[in-house]
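[1] Build the 3D model from these lines:
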Amino acid sequence: IILAAEVTTEANDVQQLKPMLDRAQAVVEMVMGEDAVLGAAAADAGYWSEDNAASQTTECELFIATRKDRQQRAELRDAAPPRGRIPKGLSARDRMQRKLRTRRGRAIYRQRGASVEPVFGQMKERQDAGRFSMRGLTACRGEWHLQAATHNL
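    Below you'll find the model as predicted:
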């Protein structure tokens, strides 16, 4: 189920993480009640920034890839889970990489690959949503929201 969908003219997704999480949280609250929280969110490397990593809250733990998807999956597959306390002096990127290598981090990021990527494939192939048929940001947003609603149905 797509909780939040948006179209932007920005070159990358770095600035889109907080708005998308806010929209997803609003939908969760609307459906499940005001006390409901997302709990955790997994994002690909397009959302990585130190600011995004620092925006984690107690209601939503973030798991943001620090490398391109195939590199991230290879690292998670090959590296052993970290043991012991988190070393002091790690950069935000190193802390996130360590968090992704934990058993919990691996499981959550693996779910991202199984739940997010098939949606894009299905929308592109079955719904023919590989490109927009309208012009202008407003029209494209409407088209994308319609595609997302159709997918959910």
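
[2] Which parts of this protein are strands?
    Assigned by DSSP state E, the strands in the chain fall at 39-43, 60-64.

[3] Looking at the ones you listed, which is nearest to Ala149?
    strand 39-43 (21.6 Å; CB to CB). C-betas here are computed from N, CA, C, even on glycine.

[4] count of neighbours near Ala139?
    By other CB atoms under 10 Å, the residues close to Ala139 number 13.

[5] and Gln127, backbone torsions?
    Phi and psi for Gln127, reported as degrees, to the nearest 10, are phi -100, psi 0.

[6] How about it: what's its closest non-neighbour residue?
    Once flanking residues are discounted, Gln127 sits nearest to Gln147: 5.7 Å by CB to CB, 6 or more residues apart in numbering.

[7] Please apply the same query to Thr9.
    Thr9's closest residue in space is Leu137 (CB to CB, 6+ apart), at 6.2 Å.

[8] Please report how far that neighbour lies from Val7.
    According to CB to CB, to the nearest Å, Leu137 and Val7 sit 7 Å apart.

[9] Need the contact partners of the helix or strand of the chain with the lowest mean pLDDT.
    In the chain, no helix or strand scores lower on mean pLDDT, DSSP states H and E than helix 69-78, which sits at a mean of 71. By CB atoms under 8 Å, 6 or more residues apart in numbering, the surrounding residues in contact with helix 69-78 are 44-45, 65-67, 97, 100-101, 105-106, 109-110, 113.
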